[in-house]
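Chemist: coordinates only, sequence not included:
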């Protein structure tokens, strides 16, 4: 079983709709959590950190459920520019502050 | 600030050739990382350097070597390239004093390597 698992998608989303997807992680001692965004043929970039209380940044909302070991990302009022691959990333507390990346969830927003 | 830069952007090698991928950062990161990204596999850590003067193996280190030349530079060397090393390689830096997300990683633009 992979340490960080994501539904690869694609999630086909009409423009203006809401889309949500989850990521599960295997280690209950995980320290910190992130969502990164990766555009086609580009480098990953931090979208948002995920805090225990949940957090929101504009149209994006991230939630953490430690009991069930998953994090979620919700995108409201989807824009065409939201089309990308969203990477779930976990710091399991390993030496060197290493991050473990999920395989990514592809989102396609269509007019 | 240029952030994290990588050279070259593209490279084609023949099996058995060697090359060094360069990475430099001007963000004063303590830690630096080399990843490879293959379709369906996500990002996999090759080597990392938690601080200047130290390097450690990641998940897939075989066939690679690294050098943390100074705080700014972290290079990845392929001594004898193999077709299985065809991939996109990303360098990243992390660890900024005084920031909340001290483990947030900042990535370079990547090097697309093809080994024939």
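Modeler: Thanks, I have it. What you see is a predicted model; the values in this text were computed from it and never measured.

Chemist: residues contacting residue B:63?
Modeler: By CB atoms under 8 Å, 6 or more residues apart in numbering or on different chains, residue B:63 lies in contact with B:78-80, B:82, B:84-85. (C-beta placed from N, C-alpha, C; glycine too.)

Chemist: mind putting the residues you listed in JSON lines, neighbour count and pLDDT included?
Modeler: Putting those into JSON lines (neighbours: other CB atoms under 10 Å in any protein chain shown; pLDDT from 0 to 100) gives the following:
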{"residue": "B:78", "neighbour count": "20", "pLDDT": "97"}
{"residue": "B:79", "neighbour count": "12", "pLDDT": "93"}
{"residue": "B:80", "neighbour count": "11", "pLDDT": "96"}
{"residue": "B:82", "neighbour count": "13", "pLDDT": "97"}
{"residue": "B:84", "neighbour count": "11", "pLDDT": "96"}
{"residue": "B:85", "neighbour count": "19", "pLDDT": "97"}
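
Chemist: All the helices of chain B, residue numbers only.
Modeler: Remark: helices of chain B are absent; assignment by DSSP state H.

Chemist: Get me the contact residues on it for chain A.
Modeler: Contact residues, chain B versus chain A (CB under 8 Å from any CB of the partner chain): B:31, B:33, B:35, B:40-43, B:45, B:48-50, B:56, B:58, B:90, B:94-95, B:100-110.

Chemist: how about low-confidence regions in the chain?
Modeler: By default, I'm working from chain A. A:1 (pLDDT under 70).

Chemist: look at chain B instead
Modeler: Low-confidence segments of chain B, defined by pLDDT under 70, are located at B:96-102.

Chemist: count of neighbours near residue A:24?
Modeler: Here the neighbour count serves as a burial measure; for residue A:24 (other CB atoms under 10 Å in any protein chain shown) it reads 18.

Chemist: Return the distance of it relative to residue A:3.
Modeler: Residue A:24 is 10 Å from residue A:3, where distance means CB to CB, to the nearest Å.

Chemist: Residue B:25 against residue B:69, yeah?
Modeler: No. With contact taken as CB atoms under 8 Å, residue B:25 and residue B:69 are classed as non-touching, separated by 11.9 Å.

Chemist: any idea what sits nearest residue B:13, other than its immediate chain neighbours?
Modeler: In space, and not counting its chain neighbours, residue B:13 is closest to residue B:81: 4.5 Å by CB to CB, 6 or more residues apart in numbering or on different chains.

Chemist: Could you list the contact residues of chain A toward chain B?
Modeler: By the criterion of CB under 8 Å from any CB, the positions of chain A lying close to chain B are A:8, A:31-32, A:34, A:42-46, A:49, A:87, A:91, A:95-99, A:101-104.

Chemist: Fine by me, we can end here.
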